[in-house]
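Novice: model the following, please.
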Amino acid sequence: MNGRFSLVIILLFSFALAHAKTDDLATAAEVPQDPVIAPQDSVDVKTDPVEVKTDAVEDTELDKLIQLVNNNDVHGAYLLGLDMQQEWEGDEEFDFNFGFAAAQTGHYNQAIFSFERLLQSHPKNLRFRLELARCHYFLKNYNAAEHEFNQVKKSKPPENVEQQIDKFLVKIAEQKQQVSRSWQLGGGLAGGYDSNINAAADLDNINATLFISNAKLTGTLNLDDEQKSQGSSYYQLQGFGQYQQPLSKRTSIDASVFLSHKDNSINDTFDLTHTSIDGGFRILRSNHNFRFGGAYRHFLLDSETLQYQALANARWQWYFTPGWNFSSDIEGGKQDNDQNDGLDFHQWQSRSTFQRNVLDFNQSLQLNFGSDSSIRSINQFQARDYYAFVYQLQKGLTEKQRLFSLLNYRVNDYQDKFSSDHIFYADEKRSDQLAQIILGWTYLFMKNTSAKIQINHSQNSSNLELYEYQRTLFEAGIMITFN
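Specialist: Take a look at the predicted model:
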């Protein structure tokens, strides 16, 4: 083993969770002493070869720095390194030993700069990446720490190393759940083409029956343009904001708002504006997360009120193993439609979701059950029970690029038949099946600013032809986020 710089070193992560006054990871563990490097928090990994050359002679400042680290005098090494920094910064032996001393004395910001420089020259060196991950952890940069630990896991380190990394990842998940004040604001602009802005069947006419006294007249009814499927280009504006305020270490209140407006170029008839306001109270207990809240959603169609929803909701989320969590949601409330009293409902919905996020590959599988019960019995043919399966994934291609997709299959079973004198479907009961797929790509091309391209295709099949349709949206846009 090289006396100046170890290429293959034995490292062991330590984890002191039970007795620590804080939720931080322990930083002390016994390890075999390397002649040059004596890390206290480390893992046994194989790294890419790093040849460090120096013309320094005995008793130079660098030799003294290395000796202090060897003697475990990290405080002395850190103070000496501060004096040497201006002259020696960029030298690999200095960067490692000073970075290590800075990390061991709690000066994680300075340590990060050292290990980031080393990784620029040696991106496959797992030791450097692990030290960087540890620094991010103690600075509470949990997303960055998680990313670096997962990068090491991708390299398939020894089993004991992976086990220790998993412990860090569990702790990171727990820390993410701890309450802290946070906020986020964002907005976006997108444009595209919608093949069916009114979600209408591709029909020109439909058979109709008129009941007049005791007479029954049948014939064909021609549909006007607004009743037919219409395609149009469009632009869409979006904005959102969210805020979380801690009440204690394990409780908080939160609020969020979402706004969107879709404007079709062909006409204004189906321009849709959506506003959603949500708030709640959250309780954290170990790896369980409970939230109780409510939501208000308001929709405008062609600048006139279409409908609103007022809902109460509750959620339980359980982080049961590294990279996995399960959540269960239930919500219920009322929908009031200003343009069609038949769509005034009492509503409830439950969702159960398994989510897996490992190595920047996020997947979720969701099962939904729900019911829209008509407020007026005369409109019971509009009421429905439904269930749905939803699969989503996101995959990081690079640090700046991501792929995402969604598969959705939903069955709507309507609760009652149409009336016996209905013009189109007398005494018939409706049943629909909706299949949907979304594919997209995002690229973070500036800090806080990303571009998005996506295609969204859905097909609704029904036993009644008037309710069958296909719809495809092509969209591209940008989103800016601040937090």
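Novice: ok, residue 318 touching residue 353?
Specialist: No: using C-beta atoms under 8 Å, residue 318 is not in contact with residue 353; the gap is 10.7 Å. Just so you know, the C-beta spots here come from the backbone N, C-alpha and C atoms, and that holds for glycine as well.
Novice: which residues do these two both contact?
Specialist: 326, 327 (C-beta atoms under 8 Å, 6 or more residues apart in numbering).
Novice: and these two? Which one has more around it.
Specialist: residue 353 (18 against 15; other C-beta atoms under 10 Å).
Novice: ok, now which ones touch the residue lying closest to that one once chain neighbours are set aside?
Specialist: With C-beta to C-beta, 6 or more residues apart in numbering as the criterion, residue 353 has its nearest non-adjacent residue at 4.4 Å, and that residue is residue 366. Taking C-beta under 8 Å, 6+ apart, we find residue 366 in contact with 351, 352, 353, 354, 388, 389, 390, 391, 392.
Novice: going along the chain, name the strands of the stretch 101-250 of the chain.
Specialist: Counting by DSSP state E, counting those that start in this stretch, the stretch 101-250 of the chain has strands at residues 182-194, 205-212, 215-222, 232-248.
Novice: name the residue most distant from the centre of the protein?
Specialist: Here the centre of the chain is the reference, and by C-alpha atoms, centre = their mean the most remote residue is residue 214, at 60.2 Å.
Novice: that one and residue 421, how far apart?
Specialist: 12 Å (C-beta to C-beta, to the nearest Å).
Novice: now do the helices in the stretch 1-150 of the chain.
Specialist: Using DSSP state H, counting those that start in this stretch, the helices of the stretch 1-150 of the chain run over 61-70, 74-88, 92-104, 108-121, 126-138, 142-154.
Novice: want to throw those helices into JSON lines with distance to residue 467 and mean pLDDT?
Specialist: Converted to JSON lines, the helices of the stretch 1-150 of the chain look like this (distance: least, C-beta to C-beta, whole Å; pLDDT from 0 to 100):
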{"stretch": "helix 61-70", "distance to residue 467": "73", "mean pLDDT": "88"}
{"stretch": "helix 74-88", "distance to residue 467": "71", "mean pLDDT": "88"}
{"stretch": "helix 92-104", "distance to residue 467": "63", "mean pLDDT": "90"}
{"stretch": "helix 108-121", "distance to residue 467": "57", "mean pLDDT": "89"}
{"stretch": "helix 126-138", "distance to residue 467": "52", "mean pLDDT": "89"}
{"stretch": "helix 142-154", "distance to residue 467": "44", "mean pLDDT": "86"}
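Novice: just put those helices in TSV and tack on distance to residue 277 and mean neighbour count.
Specialist: Shown next, in TSV, are the helices of the stretch 1-150 of the chain (distance: least, C-beta to C-beta, whole Å; neighbours: other C-beta atoms under 10 Å):
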stretch	distance to residue 277	mean neighbour count
helix 61-70	55	19
helix 74-88	50	17
helix 92-104	44	25
helix 108-121	38	18
helix 126-138	34	24
helix 142-154	27	19
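Novice: with distance to residue 361 added, can I get these in CSV?
Specialist: CSV is the format used below for the helices of the stretch 1-150 of the chain (distance: least, C-beta to C-beta, whole Å):
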stretch, distance to residue 361
helix 61-70, 38
helix 74-88, 37
helix 92-104, 29
helix 108-121, 22
helix 126-138, 18
helix 142-154, 9
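Novice: identify whichever of the ones you listed lies nearest to residue 273.
Specialist: helix 142-154 (33.2 Å; C-beta to C-beta).
Novice: name the helices or strands packed onto that closest one?
Specialist: helix 126-138, helix 159-177 (3 or more C-beta pairs under 8 Å, 6 or more residues apart in numbering; DSSP states H and E).
Novice: JSON lines for those, including distance to residue 428?
Specialist: Converted to JSON lines, those look like this (distance: least, C-beta to C-beta, whole Å):
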{"stretch": "helix 126-138", "distance to residue 428": "61"}
{"stretch": "helix 159-177", "distance to residue 428": "50"}
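Novice: only alpha carbons, please: show stretch 416-430 as PDB.
Specialist: The C-alpha trace of stretch 416-430 is given here as PDB (Å, rounded to 0.1, in the frame of the first residue of the first chain):
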ATOM      1  CA  ASP A 416     -78.800   2.600 -13.000                       C
ATOM      2  CA  LYS A 417     -80.400   2.400 -16.400                       C
ATOM      3  CA  PHE A 418     -81.400   5.400 -18.500                       C
ATOM      4  CA  SER A 419     -85.000   6.300 -18.200                       C
ATOM      5  CA  SER A 420     -87.500   4.400 -20.300                       C
ATOM      6  CA  ASP A 421     -88.200   7.600 -22.400                       C
ATOM      7  CA  HIS A 422     -84.500   8.600 -22.900                       C
ATOM      8  CA  ILE A 423     -84.000   9.900 -26.500                       C
ATOM      9  CA  PHE A 424     -80.900   7.800 -27.200                       C
ATOM     10  CA  TYR A 425     -80.600   4.900 -24.800                       C
ATOM     11  CA  ALA A 426     -84.000   4.100 -23.200                       C
ATOM     12  CA  ASP A 427     -83.700   1.400 -20.500                       C
ATOM     13  CA  GLU A 428     -80.000   0.800 -21.200                       C
ATOM     14  CA  LYS A 429     -77.200   0.900 -18.600                       C
ATOM     15  CA  ARG A 430     -73.800   2.400 -19.500                       C
END
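Novice: got a list of contacts for that stretch?
Specialist: 206-211, 380-381, 383, 412, 414, 462-464, 466-467.
Novice: let me know the closest of those residues to residue 154.
Specialist: residue 412 (42.4 Å).
Novice: partner residues bridging that closest one?
Specialist: Counting by DSSP bridges, residue 412 is bridged to residue 386, residue 432.
Novice: show me what contacts it?
Specialist: Counted by C-beta under 8 Å, 6+ apart, residue 412 has contacts 384, 385, 386, 430, 431, 432, 433, 434.
Novice: ok, residue 353 - contacts?
Specialist: 326, 327, 328, 329, 364, 365, 366, 367.
Novice: one more time with 7 Å, if that's ok
Specialist: 326, 327, 364, 366 (C-beta atoms under 7 Å, 6 or more residues apart in numbering).
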